[in-house]
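> this one's sequence-less:
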């Protein structure tokens, strides 16, 4: 099927509303649009460059945790939470009570991402993995009573009410078959669909099926990163599109709706591929900056510490690359040392411009590796 021949689906009359039933996607696709093919090549090259950087950075799993935190905060912001990347690295006790619910949702999302990445080592990207990840996403937060980890068995909608909905996904009777078709499409090698085109179509389809009662947006965006890792396009999950979607939120929503209402799949693919290229280039730039910062710290800062303190400062720096906000207790526990030793180490890193106190308090103070954290804003 050519992109230009694609028909998104049909509406179906229910009791007091009409729902949208998307066309199944598990069939051959002919990609012959020149602009789409050009953008596909550019996005593939940008991903290849990012992959090369990901293999150059030592101890990359520390830095991947920063991308995970950024994805969790940006994807959750699309859904209306107000937590920023700094808050993601704080404890609940360090936050105002009114933002703790948002913080918990972000922490759940971080846990869900890490669970799913680990799950890919033993499971394919499948409905089972998506359901298990969804269960973690909604554990103990808004939506915890909306069948976490299970496909919906009732109608959902996007908008203020079912009668006045912006979009009504397919009736739940269609969900099992549509999700089975989506899962097969992700893995059907005989279809010869380029991976980035495949996941762009799959993401649209997932958001249109809206298979869960809550959490569809976050899980659908996470599915993109999981697919890139499972398909071997990235050796490490270092590309997350939620920042691009959040900065272009209106266009993101409009493109999805334009496919459903006007069959404009080509325009969605162009928007998606542009996002992959831009995000991969930005991520590669961040890796360049990380390597430069790490080299400068090792050249100018670490030699200032005595040989006796080298193990502690290097261990702490590794910790800061994964979690750039710390307090004295965290450093004490991480190093297995005394409070005085941890405080002295923090004070030296403040003097050398690595850490800065961020609370202005005399007690329960927090310290941030600001220059590093700012790379991910």
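All right, it came through fine. Just so you know, these numbers come straight off a predicted model, no measurement behind them.
> switch to C-alpha atoms for all contacts and neighbour counts from now on
Fine.
> longest helix anywhere in the protein?
helix 265-296 (DSSP state H).
> buried residues of that helix, list them for me.
265-266, 268-284, 286-287, 290-291 (16 or more other C-alpha atoms under 10 Å).
> likewise stretch 39-58?
For stretch 39-58, by 16+ other C-alpha under 10 Å, it's 39, 40, 42, 43, 44, 46, 47, 48, 50, 51, 53, 54.
> could the residues you listed go into TSV alongside pLDDT?
Formatted as TSV, those follow (pLDDT from 0 to 100):
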residue	pLDDT
39	98
40	98
42	98
43	98
44	96
46	96
47	94
48	93
50	92
51	89
53	81
54	80
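> can you pull up the most central residue in this protein?
Central residue of the chain (C-alpha atoms, centre = their mean): residue 71, 3.6 Å from the mean position.
> three-state assignment of residue 318?
Three-state call for residue 318 (DSSP: H, G, I helix; E, B strand; the rest coil): helix.
> isn't it right next to residue 63, touching?
No: counting by C-alpha atoms under 8 Å, residue 318 does not reach residue 63; the two are 9.5 Å apart.
> what about those two, which has more around it?
residue 63 (20 against 14; other C-alpha atoms under 10 Å).
> hmm, who's touching stretch 192-200?
With C-alpha atoms under 8 Å, 6 or more residues apart in numbering as the test, stretch 192-200 has contacts from 28-29, 40, 44, 185-186, 224, 227-228, 231, 269, 272-273.
> next: stretch 123-130.
Counting by C-alpha under 8 Å, 6+ apart, residues outside stretch 123-130 touching it are 116, 119, 149, 179, 180, 183, 219, 223, 226, 227, 230.
> stretch 325-337 too?
By C-alpha under 8 Å, 6+ apart, stretch 325-337 touches 86, 89-90, 312, 315-316, 320, 338-339, 341-343, 346, 364-369.
> tell me which element residue 166 is part of?
Element membership of residue 166 [criterion: DSSP states H and E] is strand 165-167.
> just how off-centre is the following helix or strand past that strand within its chain?
Where DSSP H and E defines the elements, the next helix or strand beyond strand 165-167 is helix 175-187. The chain centroid and the centroid of helix 175-187 are separated by 22 Å, computed with C-alpha atoms, centre = their mean, to the nearest Å.
> now stretch 309-321
Worked out by C-alpha atoms, centre = their mean, stretch 309-321 lies 27 Å from the chain centre.
> mind checking the pLDDT average for that stretch?
Across stretch 309-321, pLDDT averages out at 96.
> where along the chain do the strands fall?
Taking DSSP state E as the test, the strands found in the chain are 9-13, 18-22, 158-159, 165-167, 325-326, 356-357, 367-368.
> most packed of the ones you listed?
strand 325-326 (a mean of 23; mean count of other C-alpha atoms under 10 Å).
> that one pairs with which strands, parallel or anti?
Using DSSP bridges, the strands paired with strand 325-326 are strand 367-368 (antiparallel).
> give me the contacts around the strand it pairs with.
With contacts defined as C-alpha under 8 Å, 6+ apart, strand 367-368 is touched by 324, 325, 326, 327, 355, 356, 357, 358, 359.
> mind listing what the first one touches?
For residue 324, the contacting residues are 89, 368, 369, 370, 372, 373, taking C-alpha under 8 Å, 6+ apart as the criterion.
> residue 321 versus the last one, what's the distance?
With the distance defined as C-alpha to C-alpha, to the nearest Å, residue 373 ends up 9 Å from residue 321.
> neighbour-wise, which of those two wins?
residue 321 (22 against 17).
> show me the contacts for that one.
In this structure, residue 321 makes contact with 62, 63, 66, 372, judged by C-alpha under 8 Å, 6+ apart.
> so what's residue 152 up against?
Counted by C-alpha under 8 Å, 6+ apart, residue 152 has contacts 172, 175, 211, 212, 213.
> so which of those residues comes closest to residue 140?
residue 213 (15.2 Å; C-alpha to C-alpha).
> the closest one reaches residue 146, doesn't it?
Yes: between residue 213 and residue 146 there is a contact under C-alpha under 8 Å: 5.8 Å.
> give me the more crowded residue out of the two.
Legend: neighbour count by other C-alpha under 10 Å for residue 213 and residue 146, higher for residue 213 (19 against 15).
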